[in-house]
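Undergrad: Kindly generate the corresponding structure for this input.
(chains A, B, C, D and E)
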Amino acid sequence: MYVGKVVGTVVSTCKEKNLKGLKLLIVFNVFEQDRSRTEIAVDAAGAGVGDYVLVTIDGGAARMALGVENAPINNAVIGIIDYPELYD
Amino acid sequence: MYVGKVVGTVVSTCKEKNLKGLKLLIVFNVFEQDRSRTEIAVDAAGAGVGDYVLVTIDGGAARMALGVENAPINNAVIGIIDYPELYD
Amino acid sequence: MYVGKVVGTVVSTCKEKNLKGLKLLIVFNVFEQDRSRTEIAVDAAGAGVGDYVLVTIDGGAARMALGVENAPINNAVIGIIDYPELYD
Amino acid sequence: MYVGKVVGTVVSTCKEKNLKGLKLLIVFNVFEQDRSRTEIAVDAAGAGVGDYVLVTIDGGAARMALGVENAPINNAVIGIIDYPELYD
Amino acid sequence: MYVGKVVGTVVSTCKEKNLKGLKLLIVFNVFEQDRSRTEIAVDAAGAGVGDYVLVTIDGGAARMALGVENAPINNAVIGIIDYPELYD
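TA: Here you go, the predicted model:
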């Protein structure tokens, strides 16, 4: 899992039927120096643009979080982060 | 998942039997600075060259999207993107 | 799996219900030259800030380690390292 | 999946018993600028040195392709590529 | 899978109970230019420091190789390599 920042959303009219109703967020890992690994994650936490979030990167885990057994997804936003505490 | 651009197709006559009939697209992640991670994804959305697409990277998810239980694939194009909205 | 160092914790009030009670640690791979792959791992070993730990990166493995069948996680801290022995 | 080039083979006498009889190919992703991600893939397509191949990177997918339920593998060569068509 | 070199071992007294008795090896991918992806793999082939080995990177595959259904691991050393044959 990683700490991501939500920086946008994606609109897709023509998509696999089990994706209907899922909110697609554009997130990047805040610890990465560049944004080349920016990815799309399905929202399971009610997150919005600007939020710092917890992203899980496992297909089974993502389907669990959303309660969707047949959606062909491979990650999900599973929490909104209040604050991280860094000591090093 | 990531936002990919379809830049080509792949033709393979000699392949695993459960791949028959699947369309193989060459896609790269639009957020990556170079194209070294360009990969092959199976089309589950009717996408073509030039399209911006949503790519899922999970074997189980890909088989779900295509309704093929036994195809040895590990990703799939699962949506065509109308437009992304970026705020940051 | 990799050898990680725990450098912080993450607090998330608004999260997926099956994450309740899990301790979220910020860890980075000690063999990496930069920290761009710093990630969040669930604690299954009683680890704390400053500890060198063994991190597993597989959703099924992480759920096993924690005995939580439905938590949408994809990694876990599964051991505290006494010392590594390097010969090369 | 990715387009790989087969550049060698690996011989291992002392190996896990379910690997017996499997052909181990050395392949690298042709889109990568360097070869640091060169890996070992099990042959499921009758490929040889010099061939351009389709490589799947998922344990379950690889076992499907080879029809070996218990082999501890995580990828496989599942097709020989006639030619890729690139438009961009 | 990749060709790794074993460069050390890891000792962990305080660890998840299903890891008991497993030998933890420090390995790095010999094709990588730097060692930033050095990782910990469970030994399933009787390998030791200095050996060139075949490493599988899939949780299910690793558990198969070791015959441990409940160990929260995500990779394993599954063969000792006699010699690789490179033609390119």
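
Undergrad: what number of residues lie near A:Val55?
TA: When neighbours are defined as other CB atoms under 10 Å in any protein chain shown, A:Val55 has 29 of them. In short, each C-beta sits where N, CA and C put it, glycine included.

Undergrad: Secondary structure element holding it?
TA: Using DSSP states H and E, A:Val55 maps to strand A:52-56.

Undergrad: The following helix or strand past that strand - contacts with which helices or strands?
TA: Helices and strands here follow DSSP H and E; after strand A:52-56, the next one along the chain is helix A:59-66. Judged by 3 or more CB pairs under 8 Å, 6 or more residues apart in numbering or on different chains; DSSP states H and E, helix A:59-66 is in contact with strand A:76-80, helix B:59-66, helix C:59-66.

Undergrad: Could you export the ones you listed as CSV, including mean pLDDT and mean neighbour count?
TA: Formatted as CSV, the helices and strands packed on helix A:59-66 follow (pLDDT from 0 to 100; neighbours: other CB atoms under 10 Å in any protein chain shown):
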stretch, mean pLDDT, mean neighbour count
strand A:76-80, 96, 27
helix B:59-66, 92, 25
helix C:59-66, 92, 25
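
Undergrad: looking at the ones you listed, which is closest to A:Glu69?
TA: With CB to CB as the measure, helix B:59-66 is the member of the helices and strands packed on helix A:59-66 nearest A:Glu69 (9.0 Å).

Undergrad: re earlier: please name whichever of the helices and strands packed on helix A:59-66 is nearest to D:Ile80.
TA: helix B:59-66 (20.9 Å).

Undergrad: For chain A, just list every one of the strands.
TA: Applying DSSP state E to chain A gives strands spanning A:2-11, A:14-15, A:24-29, A:39-43, A:52-56, A:76-80, A:83-86.

Undergrad: By mean pLDDT, show me the worst of those strands.
TA: Within these, confidence is poorest for strand A:83-86, with a mean of 78 (mean pLDDT).

Undergrad: Which parts of that strand count as buried, going by neighbours?
TA: A:Pro84 (16 or more other CB atoms under 10 Å in any protein chain shown).

Undergrad: hang on, the earlier thing: turn the helices and strands packed on helix A:59-66 into CSV, columns for distance to E:Leu22.
TA: Listed next are the helices and strands packed on helix A:59-66 as CSV, based on distance: least, CB to CB, whole Å:
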stretch, distance to E:Leu22
strand A:76-80, 30
helix B:59-66, 26
helix C:59-66, 13
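
Undergrad: of all the ones you listed, which lies closest to A:Thr13?
TA: helix B:59-66 (16.5 Å).

Undergrad: relative orientation of the closest one and strand B:39-43 in degrees?
TA: Orientation check (axes from the mean of the first three to the mean of the last three CA atoms, to 10 degrees): helix B:59-66 against strand B:39-43 gives 40 degrees.

Undergrad: Nearest spatial neighbour of A:Val11, chain-adjacent residues omitted?
TA: B:Asp82 (4.6 Å; CB to CB, 6 or more residues apart in numbering or on different chains).

Undergrad: The one you found is in contact with A:Thr13, isn't it?
TA: Yes - if you go by CB atoms under 8 Å, B:Asp82 and A:Thr13 touch, sitting 5.5 Å apart.

Undergrad: Now do the strand holding A:Val55: distance to the chain's middle.
TA: 6 Å (CA atoms, centre = their mean, to the nearest Å).

Undergrad: same thing with stretch A:72-86?
TA: In terms of CA atoms, centre = their mean, the centre of stretch A:72-86 is found 7 Å from the chain centre.

Undergrad: Which single residue of chain A ends up nearest chain E?
TA: A:Asp58 (10.2 Å; CB to the nearest CB).

Undergrad: confidence score at that residue?
TA: 88.

Undergrad: How much space separates it from D:Ala61?
TA: 16 Å (CB to CB, to the nearest Å).

Undergrad: is it true that A:Phe31 touches C:Thr38?
TA: Yes - counting by CB under 8 Å, A:Phe31 touches C:Thr38, with 4.0 Å between them.

Undergrad: of those two, who's got more company?
TA: For the pair A:Phe31 and C:Thr38, the greater number of neighbours falls to C:Thr38 (22 against 18), based on other CB under 10 Å.

Undergrad: okay, the angle between the strand holding A:Val55 and helix C:59-66?
TA: Using the same axes, to 10 degrees: strand A:52-56 against helix C:59-66 is 100 degrees.

Undergrad: So which other helices or strands are in contact with strand A:52-56?
TA: So strand A:52-56, by 3+ CB pairs under 8 Å, 6+ apart, packs with strand A:2-11, strand A:24-29, strand A:76-80.

Undergrad: Counting neighbours, go ahead and name the busier of B:Asp82 and A:Thr13.
TA: B:Asp82 (12 against 8).

Undergrad: show me what contacts that one?
TA: A:11-13 (CB atoms under 8 Å, 6 or more residues apart in numbering or on different chains).

Undergrad: shouldn't A:Asn18 be in contact with A:Asn70?
TA: Yes - counting by CB under 8 Å, A:Asn18 touches A:Asn70, with 4.7 Å between them.

Undergrad: Give the residues shared as contacts by those two.
TA: Here A:Asn18 and A:Asn70 share the contacting residues B:Met64, scored by CB under 8 Å, 6+ apart.

Undergrad: Of the two, which one has the most company?
TA: Between A:Asn18 and A:Asn70, counting by other CB under 10 Å, A:Asn18 is the more crowded of the two (18 against 13).

Undergrad: residues in contact with the more buried one?
TA: A:68, A:70-72, B:64-65.

Undergrad: can you list those residues in JSON lines and add distance to A:Val3?
TA: Formatted as JSON lines, these follow (distance: CB to CB, whole Å):
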{"residue": "A:Val68", "distance to A:Val3": "24"}
{"residue": "A:Asn70", "distance to A:Val3": "29"}
{"residue": "A:Ala71", "distance to A:Val3": "24"}
{"residue": "A:Pro72", "distance to A:Val3": "25"}
{"residue": "B:Met64", "distance to A:Val3": "28"}
{"residue": "B:Ala65", "distance to A:Val3": "28"}
